[in-house]
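Enquirer: Prediction below, plus the sequence it came from.
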Amino acid sequence: MKIGILQTGHAPDALIETTGDYDRMFARLLDGHGFTFETYPVVDGVFPDGADVADGWLITGSRHGAYDNLPWIAPLEDLIRQIKAEGRPLIGVCFGHQIIAQALGGKVEKFDGGWSIGRTEYDLDGQPVTLNAWHQDQVVALPDGATVLAGNGFCRYAVVAYGDRIWTIQPHPEYDTDFIAGLIRTRGRGVVPDAQLDAASAGLDGPVDNAVIAERMAGFFKKARA
């Protein structure tokens, strides 16, 4: 099964040599499930010819906002709607989660409650899962037809499904401890309050459920659909 990765941002230059870019992180996360991957760096204006060039699609995270006036945002929203219309499975993570909601009629904004950084617990289908978060933007209004699968007191719409063909998640199952620590060093200081970064750093040694979400993502892509 070929997964097209719509890359909407790049890892920090200081980290990319050791971690790889965002597309490589997802390839590692989903390794062992028989997928092949092709990356389309839409953030750099590189788009696929259409929704039919891949069997499924994944939209990555980004430092940009879904509401930013950037030349690639509207074409990406058009592609999301095309993927939906053709019924191909689509997963969005962080920015991907947000831009899908926006493209389908929801609303994204810079959350006035601040940031979520580091290990964070969510209630997913009645079970606790812990994942690394890195966001201030949030989906604050859902499109019609959306179903909330996970959330917490800070982020109400943390995992959302649209029927059985679109599944989106706000935190980052592709981020490991070292990468979050690197983000704190390279992108956090001067942007996120120091006390919050210090607290996130102190909690990084705990476990995260990346493998649990990877299995869900792989199962979602492979699911038999009418």
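Expert: Done, it's in.

Enquirer: Name the residues linked to the residue positioned nearest the centre of the chain by a beta bridge.
Expert: With distances taken as Cα atoms, centre = their mean, the residue of the chain nearest its centroid is Val93 (1.1 Å). Taking DSSP bridges, one obtains Ile169 as the residues bridged to Val93.

Enquirer: residue contacts, it?
Expert: By Cβ atoms under 8 Å, 6 or more residues apart in numbering, the contact list for Val93 reads 26, 58-61, 168-169, 172-174. Just so you know, the C-beta spots here come from the backbone N, C-alpha and C atoms, and that holds for glycine as well.

Enquirer: And it, how far from Gly9?
Expert: Relative to Gly9, Val93 is positioned 11 Å away (Cβ to Cβ, to the nearest Å).

Enquirer: which residues do the two both contact?
Expert: Both Val93 and Gly9 are contacted by 60-61, under the criterion Cβ under 8 Å, 6+ apart.

Enquirer: now the strands for this structure?
Expert: Under the criterion DSSP state E, the chain contains strands at 2-6, 36-40, 56-59, 90-93, 107-110, 116-124, 127-135, 137-141, 146-151, 159-162, 166-169.

Enquirer: got those as a markdown table, with mean pLDDT and distance to Tyr67 columns?
Expert: Converted to a markdown table, these look like this (pLDDT from 0 to 100; distance: least, Cβ to Cβ, whole Å):
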| stretch | mean pLDDT | distance to Tyr67 |
| --- | --- | --- |
| strand 2-6 | 98 | 18 |
| strand 36-40 | 98 | 22 |
| strand 56-59 | 98 | 16 |
| strand 90-93 | 98 | 15 |
| strand 107-110 | 97 | 6 |
| strand 116-124 | 96 | 18 |
| strand 127-135 | 96 | 14 |
| strand 137-141 | 97 | 8 |
| strand 146-151 | 96 | 18 |
| strand 159-162 | 98 | 18 |
| strand 166-169 | 98 | 17 |
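
Enquirer: Turn those strands into a markdown table, columns for distance to Ala66.
Expert: Below are those laid out as a markdown table (distance: least, Cβ to Cβ, whole Å):
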| stretch | distance to Ala66 |
| --- | --- |
| strand 2-6 | 13 |
| strand 36-40 | 18 |
| strand 56-59 | 10 |
| strand 90-93 | 10 |
| strand 107-110 | 4 |
| strand 116-124 | 16 |
| strand 127-135 | 11 |
| strand 137-141 | 7 |
| strand 146-151 | 15 |
| strand 159-162 | 14 |
| strand 166-169 | 12 |
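
Enquirer: how about the nearest residue to Arg63 once chain neighbours are set aside, what does it touch?
Expert: Nearest non-adjacent residue to Arg63, counting by Cβ to Cβ, 6 or more residues apart in numbering: Gly9, 5.3 Å away. Gly9 makes contact with 22, 43, 60-64, 95 under the criterion Cβ under 8 Å, 6+ apart.

Enquirer: Could you list which of these belong to helices?
Expert: Secondary structure from DSSP state H places 22, 95 of the contacts of Gly9 in helices.

Enquirer: Which of the contacts of Gly9 sits closest to Lys110?
Expert: Distance to Lys110, by Cβ to Cβ, is smallest for His64 among the contacts of Gly9, at 11.9 Å.

Enquirer: Could you check how many residues crowd around that closest one?
Expert: 16 (other Cβ atoms under 10 Å).

Enquirer: give the contact list for it.
Expert: By Cβ under 8 Å, 6+ apart, the residues touching His64 are 8-9, 43, 70, 95.

Enquirer: Show me how to select, in PyMOL, the buried members of these.
Expert: In PyMOL, a selection of the buried entries from the contacts of His64 looks like this (16 or more other Cβ atoms under 10 Å):
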select buried, resi 8+9+43+95
